[in-house]
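Student: Need a 3D model of the following:
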Amino acid sequence: MVRQNGVYKRCSCKDAVDGHRLGVRCPRLDGRGHGSWYFSLELPVGRDGQRHRVRRGGFASRAAAEQARGYLLGNDIDPATAVVTVGQWLDIWLEMRQNLSFSTRRLYTQHVRDYLKPYLGSVPLRSLTVARVQAMFAALIRTNSSRTRPLSYATLQRIRGVLHAALNGAIRRGLLDRNPAHWIELPSGRRPRAVVWTEGREAHWRHTGEHPAVAVWTATQTAAFLESSFDHPLHVLYLLVALLGLRRGESAGLRWCDIDLDARVLQVSHQVQDHNGRTVICPPKTESSVRVLALDSISVAALRSLRAERRRRLSAGAALTGFLFVNRYGNPMSPGYVTHAFGKLVAEADLPPIRLHDLRHGAASLSLAAGNDLKVVQAMLGHSSIVLTADTYTSVLPCLAHQAAEATANLVMKAARRTAKKVRRDSRKATRHYGTKKNRRPGSTRKSAHKIRV
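Tutor: Residues are numbered from 1 along each chain as shown. This is a model prediction of the structure:
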């Protein structure tokens with residue numbers, strides 16, 4: 001089978017001698033109904049600077065493969081002659097989303113591979129209905145009981161979101177008239193709220209091993225962790241996360257050129273992520289994540305100490321460049337290793353377990369407990385909306401709750417004292433002008449009573 005314009009046919013037949021797949025060499029490919037059609041092409045260089053080759057298959061005809069390949073090259077698809085299945089469209093849609101971050105692409109690819117394609121991959125795109133999509137989610141919910149780690153309601157919503165976005169792309173291309181994923185019903189899961197490791201909750205954890213999904217440390221527990229990890233190479237990184245609320249990738253990707261210790265500021269301009277076994281540099285999570293943060297005296301002292309130690313390791317007069325936290329090869333520290341090391345340090349310190357991202361939750365809560373305004377906390381975390389800051393990342397510490405309760409009680413008591421004072425004042429005024437009831441004579445008027453009392 002000869003390749004024409006990057007489109008070819010192949011099968012899974014194996015060689016009788018060595019057992020290897022014949023692929024495009026199978027002599028039966030010229031026969032009708034044997035094998036399936038594939039296409040290949042090379043897209044422009046991606047965000048990671050690597051060549052991006054695409055090979056997709058499983059098409060029933062050459063025309064379908066040519067249509068899919070043409071779409072990736074920018075050609076329009078005629079809806080009247082489109083024969084693309086849901087699985088093939090999901091592959092095409094993923095390849096066209098070149099602006100996705102590495103972690104988001106990995107998550108989308110997993111949802112497509114593990115959930116969407118097994119249930120809907122063979123369905124023709126134009127035959128997809130609300131009932132088929134609803135049946136897929138019903139099957140996912142039914143099989144949840146047999147999973148070692150059941151799918152959460154949030155995961156189901158994310159799977160629906162991926163399918164919804166992909167089908168919206170099909171609508172824009174005229175391949176669909178409406179989005180079937182828009183009308184399905186899913187259980188309304190509740191997002192876990194961060195709770196504080198109070199003494200009672202910590203005692204319950206030590207007795208039963210049960211711990212909440214999202215939890216934050218108190219100021220005392222945070223200080224205990226930072227004290228126990230003082231000699232660890234990543235101590236300064238965890239200090240910056242705990243005090244400034246940096247994300248994992250932002251803290252691991254800090255460079256010396258991003259920090260001005262004399263001006264006491266730190267700039268977040270990029271992050272690092274793990275991608276296919278490599279640590280790569282990429283833009284921050286959102287546009288609002290690009291920010292300049294003021295450094296406190298503790299962070300400045302820790303960074304000065306780290307800078308002095310790093311300079312001692314360099315030759316005399318060498319400029320300090322590159323990343324703050326590096327591995328033995330001088331490359332930025334892997335975010336996965338940062339998380340792994342954090343878990344070991346928490347266990348060694350014998351503190352209640354939290355995730356590294358919960359240290360960012362705690363930074364927001366501690367900042368509020370220190371009296372900072374919610375708008376200041378929003379800017380520190382790099383959120384685009386203050387609603388997100390208030391609703392997601394700010395747990396109410398006990399001291400904050402007590403302050404709020406006392407403020408409410410004081411407000412009520414002040415109002416009560418004002419009311420009582422007004423009642424007493426009105427009573428004295430009435431007594432002074434009209435006299436008491438026992439001093440009044442029967443039939444006397446208020447005016448005469450006033451004259452008698454005076």
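
Student: does Ala63 count as helix, strand or coil?
Tutor: Under DSSP: H, G, I helix; E, B strand; the rest coil, the three-state class of Ala63 is helix.

Student: tally of neighbours for it?
Tutor: Applying other Cβ atoms under 10 Å, we find 14 residues neighbouring Ala63. Where you see a C-beta, it was placed from the backbone N, CA and C, and this is true even at glycine.

Student: so how far is Ala263 from it?
Tutor: As judged by Cβ to Cβ, to the nearest Å, Ala63 and Ala263 stand 63 Å apart.

Student: next one: Ser122
Tutor: 60 Å.

Student: which regions of the stretch 101-250 of the chain lie under the pLDDT threshold?
Tutor: 144-149, 189-190 (pLDDT under 70).

Student: Which strand or helix spans His211?
Tutor: Element membership for His211, per DSSP states H and E: none, as it lies in no helix or strand.

Student: mind checking which helix or strand the residue lying closest to it once chain neighbours are set aside is in?
Tutor: Spatially, and ignoring its direct neighbours in sequence, His211 is nearest to Trp205 (5.0 Å; Cβ to Cβ, 6 or more residues apart in numbering). If you go by DSSP H and E, Trp205 is part of helix 199-208.

Student: what does that helix contact?
Tutor: 195, 197, 210-212, 215, 352-353 (Cβ atoms under 8 Å, 6 or more residues apart in numbering).

Student: one more time with 7 Å, if that's ok
Tutor: Helix 199-208 is touched from outside by 195, 210-211, 352, with contacts defined as Cβ atoms under 7 Å, 6 or more residues apart in numbering.

Student: Also stretch 9-23?
Tutor: Here stretch 9-23 has contacts from 1, 24, 26, 28-29, 34-35, 37-38, using Cβ under 7 Å, 6+ apart.

Student: what angle do the lengthiest helix in the chain and helix 199-208 make?
Tutor: For the chain, the longest helix by residue count, based on DSSP state H, is helix 398-434. For helix 398-434 against helix 199-208, the angle by axes from the mean of the first three to the mean of the last three Cα atoms, to 10 degrees is 150 degrees.

Student: and helix 398-434, what does it pack onto?
Tutor: With contacts defined as 3 or more Cβ pairs under 7 Å, 6 or more residues apart in numbering; DSSP states H and E, helix 398-434 has these neighbours: helix 356-369, helix 446-453.

Student: Could you measure from Asp177 over to Ile171?
Tutor: 7 Å.

Student: These two - which one has more neighbours?
Tutor: Legend: neighbour count by other Cβ under 10 Å for Asp177 and Ile171, higher for Ile171 (12 against 9).

Student: So for that one, what's the nearest residue that isn't a sequence neighbour?
Tutor: Closest to Ile171 by Cβ to Cβ, 6+ apart is Asn179, at 6.2 Å.

Student: Hmm, the one you found is touching Ala166, no?
Tutor: No: with contact defined as Cβ atoms under 7 Å, Asn179 and Ala166 do not form a contacting pair (9.5 Å).

Student: Show me which of the two is the more surrounded one.
Tutor: Between Asn179 and Ala166, counted using other Cβ under 10 Å, the more crowded position is Ala166 (23 against 18).

Student: before we move on, back to that, now, which of the contacts of stretch 9-23 sits nearest Arg328?
Tutor: Of all the contacts of stretch 9-23, Tyr38 has the smallest distance to Arg328: 42.6 Å, by Cβ to Cβ.

Student: what's the closest one sitting at in phi/psi?
Tutor: When read as degrees, to the nearest 10, the backbone of Tyr38 gives phi -130, psi 160.

Student: for Thr85, same thing?
Tutor: The phi/psi pair for Thr85 (degrees, to the nearest 10) is phi -90, psi 170.

Student: Neighbours of it, how many?
Tutor: 23.

Student: Check Leu303 too.
Tutor: 21.

Student: Double-check that Ala170 belongs to a helix.
Tutor: Yes: using three-state DSSP, the secondary structure at Ala170 is a helix.
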